[in-house]
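> dropping a prediction and its sequence here:
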Amino acid sequence: MLSNLGNILLFLNVILSLSVIYAANRNLKTSGGVDKNIFQLSLIQSTSIIICFFVLIAAFIVSDFSLITVYQNSHSLKPLFYKIAGTWGNHEGSLLLWAIILSIFSFLFLVYNKNHPKKFRLLTLIIQNILILGFLFFILFNSNPFSKISPIPSEGLGLNPILQDPALAIHPPLLYVGFVGASIYFSAAIASLITNYSEKSFSLSIKNWVLISWCFQTLGILVGSIWAYYELGWGGFWFWDPVENASLLPWFAMTALFHSLIVFEKRNLFYFWVIILCLITFTLSVTGTFLVRSGILNSVHTFASDPTRGIYILIFLSLMIFGSIFLLFQKYKKENYDLNRNSKETFILVNNWFMMFYLITVLLGTIYPIFTDALTDNKISVGPPFYNAIIFPVVVVFLLFMALGPKAKWIKNKFENIRTYILILTGAIVLNLAIIFFFKSYSILSNFIIISALFLIISSLIDISKALKKNKLDFARIISHTSFGFLVLFIGLNDIFSLEKDYNIKLGETKKFENYSIQLQNLDLKNYKNYQAVIGKLEIKNINSNQTNVLNPEIRIYDKPKTLTYEAAIKTSLIKDYYLTMSNIDRSDYYNIKFQKKPLMAWIWISVIMIAVGGFIRLFSNEKNN
């Protein structure tokens, strides 16, 4: 029954998308405003695809194993929360979530952009619905979540244990709002090119949508990073993994796009650059989906991949790219920018260059191993050393520009506060020297990064004091920029002052290192609803302060599917994290214990949250001013 209902709703959505395209095309040829029937069709379309998704959720909740998707990704003993999360923790369900977000953004854009030209709005709607149709056909004929299995199995295979985690339950929806949200300004950019709607008001039509997708993309990346930190057991939060990179690439493009929109709105410059960034952002989102879903990447994050399905996404992506490029070349007109080298718009353009540099670096590092594997049959991996060596030195200069740019004036700027900048730089150097003196840090690059991060932070704090005196405070910009400075600072300090020790230890044994001791005091076996766990009790003692912490890492044995996982035990404080993993050594009384002290981890997460908060503040202030 649920299978039939789900398929009916999917076919209904195809009909509704075609109806929206037909009605919008007819409405283009008439005078007056947008036809009310189009609003109604778009609302019904969004509602029906949401109902379709709830049907799939219901199938997971009741463990309807007549559906292949439920059979492959659930089990009757799974906790309810993870049954529901299993809906989008697989290929078919995640694509249905894509279709939902595409439809919702289509409807909301139509509703909230009433002040823009009718032709522009209707063409945006038509292009968006072409995208929706592309994904609906993919779902129906290649990745149908309502496909049946016969005979009906009595039990399911279960959800990947690594996905049975609260962070992984909310990570995909957040990330998809960012990924798929980019579709609406992709559609708007195409519509803008077709209708020659290149006025400053075009930026007003898309800037809030860019902000929404940017904020959710930021939070999605953060949640995925936190999950990797505590679930994968290596103690890090970013490994430059290909799938991590796939989520970061659109973020770079979104950041460049939002800053370019500021210039376009103020000075009516960079129109075609804005269009190009709109096209690049969504193209990178679909590229990321292709890389993750096609199976061509080896990653700890790749859970729902199928090479045969990757072909469809590749064809869809190719049509989208070549169609966009063809239209862009047809409409492109050379723009002559008479920019003063020392002006706010030049600083924003430089910001864009940095973002494009990061984007190209990460993109090349991600796809280069794919081409070498295909051409030479040699598997290589591009890891953290490559990205750190190329990106980190550039970050130093980037942070300095971030500090100077917001203070610059439009059209022509004069640096009237050179003495202030010199004092700020001196203060940053003195603080860095204090860190070296007290904590014995000698890395040249890390010191430059810390100095530049402190320069940005101090500059932003001075901005706050000046703005408060003038009663003109740009909360959104100051919060995001200052938080980014703190993020880089905390990452730098975390990297320099992390401590890691690896031991093989028996029950009751104690190991000492530096000013710490570790004792394996006890092992306990516990049964849970969907797994068994061997729980260690380890005492971590700081010999100097005589402070003691007890951590309980776990070895989990899942039954459906048969899987062994190692769960880290983390003691978090605002100053540092104690991070401990335990693994068994076959045919031995010994357990491998990996201990790490990770300074300022909590502040890394807080900094990213505050960057997103700055974006949301900008979004709400834009709405208030409209």
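Everything's here; your move.
> specify the beta-bridge partners of the nearest residue to Q521 once chain neighbours are set aside.
Nearest non-adjacent residue to Q521, counting by C-beta to C-beta, 6 or more residues apart in numbering: K537, 4.7 Å away. C-beta here means a position set from N, CA and C on the backbone, and glycine is covered the same way. Here K537 sits in beta bridges with N522, going by DSSP bridges.
> please tell me I have it right and K537 contacts D524.
Yes. With contact defined as C-beta atoms under 8 Å, K537 reaches D524; the gap is 7.1 Å.
> higher neighbour count, those two?
K537 (16 against 11; other C-beta atoms under 10 Å).
> so what's that one scoring on pLDDT?
pLDDT, K537: 93.
> repeat for V274
At V274, pLDDT is 95.
> please report how far it lies from H481.
Using C-beta to C-beta, to the nearest Å, we find V274 at a distance of 21 Å from H481.
> also D377?
For D377 relative to H481 (C-beta to C-beta), the value is 46 Å.
> ditto for E155
Going from E155 to H481 by C-beta to C-beta gives 53 Å.
> which one's more surrounded, those two?
H481 (23 against 13).
> so the more buried one sits against L461, correct?
No. If you go by C-beta under 8 Å, H481 and L461 don't touch, sitting 10.7 Å apart.
> which positions within the host helix or strand of L319 qualify as buried?
Assessed by DSSP states H and E, L319 sits inside helix 307-331. The neighbour-count check on helix 307-331 (16 or more other C-beta atoms under 10 Å) flags R309, G310, Y312, I313, F316, L317, M320, S324, L327, L328 as buried.
> show me the contact partners of it.
Applying C-beta atoms under 8 Å, 6 or more residues apart in numbering, the contact partners of helix 307-331 are 91, 134, 138, 142-143, 190, 193-194, 196, 272, 275-276, 279, 282-283, 286-287, 289-290, 293-296.
> pLDDT of the one helix or strand I462 maps to, averaged?
Assigned by DSSP H and E, I462 falls within helix 444-470. The pLDDT scores in helix 444-470 average 86.
> for that helix, list every residue counted as buried.
446-460, 462-463.
> after it, which helix or strand is next?
Per DSSP H and E, the helix or strand that comes after helix 444-470 is helix 475-497.
> on that earlier part again, and the residue nearest to Q521, how close does it get to L580?
From K537 over to L580 the distance is 11 Å, taken as C-beta to C-beta.
> same question, S103
Taking C-beta to C-beta, one finds S103 at 45 Å from L580.
> more neighbours: which of those two?
Taking other C-beta under 10 Å, S103 and L580 do not tie; S103 has more neighbours (29 against 23).
> can you redo the buried residues of helix 307-331 as JSON lines with distance to S203 and pLDDT?
Output for the buried residues of helix 307-331, formatted as JSON lines (distance: C-beta to C-beta, whole Å; pLDDT from 0 to 100):
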{"residue": "R309", "distance to S203": "36", "pLDDT": "70"}
{"residue": "G310", "distance to S203": "35", "pLDDT": "73"}
{"residue": "Y312", "distance to S203": "34", "pLDDT": "81"}
{"residue": "I313", "distance to S203": "30", "pLDDT": "81"}
{"residue": "F316", "distance to S203": "28", "pLDDT": "87"}
{"residue": "L317", "distance to S203": "27", "pLDDT": "85"}
{"residue": "M320", "distance to S203": "23", "pLDDT": "89"}
{"residue": "S324", "distance to S203": "19", "pLDDT": "91"}
{"residue": "L327", "distance to S203": "20", "pLDDT": "92"}
{"residue": "L328", "distance to S203": "18", "pLDDT": "90"}
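> out of these, who's nearest I44?
Lowest distance from I44 to the buried residues of helix 307-331 (C-beta to C-beta) belongs to F316, with 25.2 Å.
> and the longest helix for the chain?
helix 344-376 (DSSP state H).
> next SSE after that one?
Moving toward the C-terminus from helix 344-376, the next element (DSSP H and E) is helix 384-404.
> for that next one, C-alpha coordinates in CSV please.
The C-alpha trace of helix 384-404 is given here as CSV (Å, rounded to 0.1, in the frame of the first residue of the first chain):
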residue,chain,number,x,y,z
PRO,A,384,46.3,17.2,4.4
PRO,A,385,50.0,18.0,3.7
PHE,A,386,49.0,19.1,0.1
TYR,A,387,46.2,21.4,1.3
ASN,A,388,48.1,22.7,4.3
ALA,A,389,51.2,23.6,2.3
ILE,A,390,49.2,25.5,-0.4
ILE,A,391,46.3,27.0,1.5
PHE,A,392,47.7,28.0,4.9
PRO,A,393,50.4,30.5,3.7
VAL,A,394,47.7,32.2,1.6
VAL,A,395,45.4,32.4,4.6
VAL,A,396,47.9,34.7,6.3
VAL,A,397,47.5,37.4,3.6
PHE,A,398,43.7,36.7,3.3
LEU,A,399,43.2,37.5,7.0
LEU,A,400,45.0,40.8,6.6
PHE,A,401,42.8,41.8,3.7
MET,A,402,39.7,40.8,5.7
ALA,A,403,40.8,43.2,8.4
LEU,A,404,41.5,46.1,6.0
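> show residues contacting that helix.
239-240, 347, 350-351, 354, 357-358, 361-362, 365, 421, 424, 445, 448-449, 451-453, 455-456, 459-460, 481, 484-485, 488.
> show me the contacts for the residue nearest to Q521.
K537 neighbours (C-beta under 8 Å, 6+ apart): L520, Q521, N522, L523, D524, V550, N552.
> repeat that with 6 Å
Contacts for K537 (C-beta atoms under 6 Å, 6 or more residues apart in numbering) come out as Q521, N522, N552.
> next one: L222
V608.
> I'd like to know which of the contacts of K537 is nearest to N245.
Closest to N245, out of all of those and judged by C-beta to C-beta, is N552, at 33.4 Å.
> surely that closest one meets I535?
Yes. Between N552 and I535 there is a contact under C-beta atoms under 6 Å: 5.3 Å.
> tell me the secondary structure at R618.
helix (DSSP: H, G, I helix; E, B strand; the rest coil).
> any low-confidence regions in the stretch 301-450 of the chain?
For the stretch 301-450 of the chain, the stretches flagged by pLDDT under 70 are 301-308, 336, 338, 374, 413, 415-416, 441-442.
> how far off centre is whichever strand or helix holds Q596?
Using DSSP H and E, Q596 maps to strand 591-599. Taking the mean of its C-alpha atoms, strand 591-599 sits 28 Å from the chain's own mean (C-alpha atoms, centre = their mean, to the nearest Å).
> and for stretch 447-464?
Per C-alpha atoms, centre = their mean, the centroid offset for stretch 447-464 relative to its chain is 25 Å.
> what are the contacting residues of it?
Contacts of stretch 447-464 (C-beta under 6 Å, 6+ apart): 396, 399-400, 402-403, 424-425, 427-429, 431-432, 478, 481-482, 485, 488-489, 492.
> could you do stretch 179-191 as well?
98, 101-102, 105, 109, 120, 123-124, 127-128, 131, 206, 209-210, 212-213, 275, 278-279, 281-282, 285.
> how many residues are close by the closest residue to F105 other than its chain neighbours?
Spatial nearest neighbour of F105, excluding adjacent residues (C-beta to C-beta, 6+ apart): I184 at 4.4 Å. By other C-beta under 10 Å, 30 other residues sit near I184.
> what's the answer for Q40, then?
Neighbours of Q40 using other C-beta under 10 Å come to 11.
> do E514 as well
Neighbours of E514 (other C-beta under 10 Å): 11.
> if I look at it, how far off is K597?
9 Å.
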